[in-house]
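Fold the following.
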Amino acid sequence: MPTYLAIFDLDETLIAADSASLWNKFIVAKGLAPLSLLTQEHAMMTAYSKGTLDMDSYMKATLAPLKGKSHHQIQPLIDEFITDIITPAIYQQALERIEWHRKRGDHILIISATGEHLVKPIATVLGVKDVIAIHVEQHNGIYTGATTGILSFKEGKVERLKIWLQQQHHNYKGSYGYSDSINDLPLLSLVNKPFAVNPDPTLAMHAQMKEWTIMNWRHDNNILR
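Residues are numbered from 1 along each chain as shown. Purely as a prediction, here's the structure:
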């Protein structure tokens, strides 16, 4: 029997924060990256909110601290980061919505414009197996500081989704899509049932004009903001 596909953005949608920004603060605090990274990232995230971010430049800047380091060196830090910082940031409503889809028998997929080294383990905590995220290059288990393939950002999310669907050999009855960001307009415009979750002002206006469902999820921990 054909099932529905439920597609979730990650940052500010399933969690009450941006995981990449929190990770950058985390590695600066750990002495793995210079404080200047946060100033640089802040400017880039301002561009992101306006829909003008150069994602290739962002990934190069934020992956630079990992360059030359091994997966085995970084993984314990990622585990600590997810346990201490990300898990408390998960929206309870997000877990409930994922469970709602799971009980229906829907196929759940997270598509994120964050590096897979963060997205995959976060998805595991959320109980989601299938992930599309930015490929972070490693050679013999060593981070190169580069990315590979199509960046899953803006139209890149749609391109990566289409490739993923071809690999699934599965006909879906329909699709749901959830995101907070105007950067995901190409993806939300593609799905059958789009939902704007805590949308930024531009997406909120678009959602209202299109009569999309707007969902307001709240988190008690203001420290995460």
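
just checking, Phe81 touches Asn24?
No: the pair Phe81 and Asn24 does not pass the contact test of Cβ atoms under 8 Å, sitting 10.6 Å apart. Every residue, glycine included, has its C-beta placed from N, CA and C.

count of neighbours near the nearest residue to His72 once chain neighbours are set aside?
Excluding its sequence neighbours, the residue lying closest to His72 (Cβ to Cβ, 6 or more residues apart in numbering) is Gly141, at 6.9 Å. Gly141 has 10 neighbours, counted by other Cβ atoms under 10 Å.

Kindly report the same for the one 10 residues further on.
Each residue near Leu151 was counted by other Cβ under 10 Å, and the total is 20.

and the one helix or strand Glu80 maps to, what does it pack onto?
Using DSSP states H and E, Glu80 sits in helix 71-81. Under the contact definition 3 or more Cβ pairs under 8 Å, 6 or more residues apart in numbering; DSSP states H and E, helix 71-81 sits against helix 19-29, helix 116-126, strand 142-148.

export the ones you listed to TSV and tack on distance to Gln167, mean pLDDT and mean neighbour count?
Rendered in TSV, the data for those read as follows (distance: least, Cβ to Cβ, whole Å; pLDDT from 0 to 100; neighbours: other Cβ atoms under 10 Å):
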stretch	distance to Gln167	mean pLDDT	mean neighbour count
helix 19-29	25	96	19
helix 116-126	16	97	19
strand 142-148	17	97	16
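
didn't Met44 look like it was pressed against Leu53?
Yes: taking contacts as Cβ under 8 Å, Met44 lies within contact range of Leu53: 6.0 Å.
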